[in-house]
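Trainee: Sequence plus the predicted model coming up.
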Amino acid sequence: MTETTGFLYPFIEADERDATALLRDLSESAQAKVAVSAALRRKTLARSVVPIEQAASDIADRFQQGGRLFVFGNGGSSTDAASLAALFIRPPWGRPLPARNLADDSAVLTALGNDVGFDLVFSRQLIAQSDPRDIAVALSTSGNSRNLLQAFTDASGRGMLTIGIAGYSGGEMAKSVHVRHCLVVEADSVHRIQETQAALGFALWQAVQACLTTVENRQ
Amino acid sequence: MASIADDLPLVDSVEMGDAVALASLALARRFAKGATLWCIAPEWPEHARHVAVEFVHPVLVGKRALPAVSIDAAEPVVALRSLVRSGDVVLAVSDAKSVGTAAVMRRAEAWGAMSIWMGTGRRPAPRSADHMVWADDSPGTDGPALHDGRLVLLYHVLWELTHVCFEHPGLLVTDDAADRSDADVCITCSDEGRLGEVIVTDGRGTTRVRTAQGIETIDTTLVSPVSPGDLVLIHAGAAIAEVP
């Protein structure tokens, strides 16, 4: 606790000796996590420049053909997928692009989960809604989620562009012949991986916007 | 592409660390007493869901599941007014412009709830919530905190530190009076003033209000006519001011 904020928390003083030591440890731990996260983000962005450019170029081609982006993941990665979809459809700058998060509709999700099983909740939506011009982007920290791998298999079979964003060493996603581009955050903390995956998604979005600007300037 | 700069100082890291440490201990203390964590992010609903799933379904095996719920609504105040019980915690992820968040943060004290406001971008006024944890966009660092993972980092760290606090059960016990958030003060006499939210009024100055202590009947003849949902400052059984 700093001198400037201490007066706001009189209840801490009632337990002063022990809580103060814990709070100092917590604050130092938080600062260390900030530093680790920043270092991982910068390292991963630096080594992903080429894969991001390649994936963005392919994505931009699909958008030029009228394709749409489908994003998906499980749990926290599902919310990160929603953030990525929001970035494309409601961009802070640049052009809005068609994107959807496949976990957004609880009726579809529960119907598929109940009737055909959770391994097919994304795949069946792609089969129903996508065409070969479209793009599938899935986020997973392990790279091993069965429903994502199944969706990639079906998406690539339909001619869609497939892009994985994974953690650890990429898991099955990095090895799958059905995944055209795989961006990997090489780390072993789910939290730190997700933080850097957000940065990768933002870098990918920026690169797509830049590709589209280049194409439009040529036309 | 974001700039790559390894040697930049981590601006505001100490302030953020101190703020999240205090929020984590206070949150752990509330959980220890049976609180539910209510998460909102009116403009970025996925972040409310992400916070809730962290606590409900921990990524680390062996960490306990804690009651957290995300409320997906542009005006979460309506749902939370009924759902939040005294002793609970409301957590918002948004910037200062969020009207939906501000409405909840202003009422938290009247509901007996502790408030945590996490965000990026423009900061709310000081003390808009019991705890404010911010990821600032500083020139020269990476992308915007909203998009480059630094906003997500804030609530990841909150979750991680809250579980560290559970390893110190002796520090989770506090007496209720000391744990109460700071009361507003009557500006006329510098005596205690408590926040209340109007439930129903008879139109003649007798009004039922919700405060941190429960449901009370107060006199509202000193303030202009009040309506359900209005906030008033209560002193000695009477509303002495409306709170905008």
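Mentor: Thanks, I have it. Numbering: from 1, shown residues only, chains lettered A, B, ... in the order given.
Trainee: helices or strands next to the longest helix belonging to chain A in the packing?
Mentor: Criterion DSSP state H: the longest helix present in chain A is helix A:16-47. When contacts are defined as 3 or more CB pairs under 8 Å, 6 or more residues apart in numbering or on different chains; DSSP states H and E, helix A:16-47 sits against helix A:10-13, helix A:190-218, helix B:13-32, helix B:150-165. Just so you know, the C-beta spots here come from the backbone N, C-alpha and C atoms, and that holds for glycine as well.
Trainee: next one: that helix to chain centre, how far?
Mentor: 22 Å (CA atoms, centre = their mean, to the nearest Å).
Trainee: between the helix or strand that that helix is followed by and helix A:190-218, how many degrees?
Mentor: Downstream of helix A:16-47, the first helix or strand assigned by DSSP states H and E is helix A:49-64. For helix A:49-64 against helix A:190-218, the angle by axes from the mean of the first three to the mean of the last three CA atoms, to 10 degrees is 60 degrees.
Trainee: any idea which helix or strand comes after helix A:49-64?
Mentor: Following helix A:49-64 in sequence, per DSSP H and E, is strand A:69-73.
Trainee: For chain B, tell me whether whichever helix or strand comes after that following strand is touching it.
Mentor: Note on strand A:69-73: by DSSP H and E, the next helix or strand toward the C-terminus is helix A:76-89. Yes: Helix A:76-89 lies within reach of chain B by CB under 8 Å from any CB of the partner chain, at A:Gly76, A:Ser78, A:Thr79, A:Asp80, A:Ala82, A:Ser83, A:Ala86, A:Leu87.
Trainee: Of all the helices and strands packed on helix A:16-47, which one is nearest A:Gly94?
Mentor: Nearest of those to A:Gly94, taken as CB to CB: helix A:190-218 at 4.1 Å.
Trainee: Can you mark which positions in the closest one are buried?
Mentor: For helix A:190-218, the neighbour count (16 or more other CB atoms under 10 Å in any protein chain shown) marks A:190-212 as buried.
Trainee: other SSEs contacting that helix?
Mentor: Counting contacts by 3+ CB pairs under 8 Å, 6+ apart, the secondary-structure elements packed against helix A:190-218 are helix A:16-47, helix A:49-64, helix A:76-89, strand A:161-167, strand A:181-185, helix B:150-165.
Trainee: and the angle from the first one to helix A:190-218?
Mentor: It refers to helix A:16-47. On the basis of the same axes, to 10 degrees, helix A:16-47 is oriented at 40 degrees to helix A:190-218.
Trainee: Check what pLDDT A:Ala203 gets.
Mentor: At A:Ala203 the predicted local confidence, pLDDT, stands at 97.
Trainee: Leaving out the residues flanking it, which one is nearest to it?
Mentor: Of all residues not flanking A:Ala203 in the chain, A:Ile52 sits nearest, at 5.4 Å (CB to CB, 6 or more residues apart in numbering or on different chains).
Trainee: Next: A:Phe122.
Mentor: Leaving aside its chain neighbours, A:Phe122 sits nearest to A:Ala151 (3.9 Å; criterion: CB to CB, 6+ apart).
Trainee: Just give the number of residues close to the one you found.
Mentor: Applying other CB atoms under 10 Å in any protein chain shown, we find 28 residues neighbouring A:Ala151.
Trainee: what does A:Phe122 give?
Mentor: 30.
Trainee: OK, contacts around it?
Mentor: For A:Phe122, the contacting residues are A:Phe72, A:Leu102, A:Ala138, A:Asn147, A:Leu148, A:Gln150, A:Ala151, by CB atoms under 8 Å, 6 or more residues apart in numbering or on different chains.
Trainee: what's the most distant pair in those?
Mentor: Every pair of the contacts of A:Phe122 checked by CB to CB; the farthest is A:Leu102 and A:Gln150, at 12.6 Å.
Trainee: ok, those two, which is more surrounded?
Mentor: A:Leu102 (26 against 19).
Trainee: which ones are touching the closest residue to that one other than its chain neighbours?
Mentor: Nearest residue to A:Leu102 in three dimensions, chain neighbours excluded: A:Phe72, at 4.0 Å (CB to CB, 6+ apart). By CB under 8 Å, 6+ apart, the residues touching A:Phe72 are A:Ser78, A:Ala81, A:Asn101, A:Leu102, A:Ala103, A:Phe122, A:Ala136, A:Val137, A:Ala138, A:Leu139, A:Leu148, A:Ala151.
Trainee: rerun that using 7 Å as the cut-off
Mentor: A:Ser78, A:Ala81, A:Asn101, A:Leu102, A:Ala103, A:Phe122, A:Ala138, A:Leu148, A:Ala151 (CB atoms under 7 Å, 6 or more residues apart in numbering or on different chains).
Trainee: What about those residues, which are in strands?
Mentor: A:Asn101, A:Ala138 (DSSP state E).
Trainee: And A:Ala155, how far from chain B?
Mentor: According to CB to the nearest CB, to the nearest Å, A:Ala155 and chain B sit 22 Å apart.
Trainee: For that residue, pull up the helix or strand it's in.
Mentor: With DSSP H and E as the test, A:Ala155 turns up in helix A:146-157.
Trainee: So which residues make contact with that helix?
Mentor: So helix A:146-157 is contacted by A:72, A:74, A:118-123, A:126-127, A:130, A:136, A:138, A:140, A:162, A:164, A:172-173, A:176, A:178-179 (CB under 7 Å, 6+ apart).
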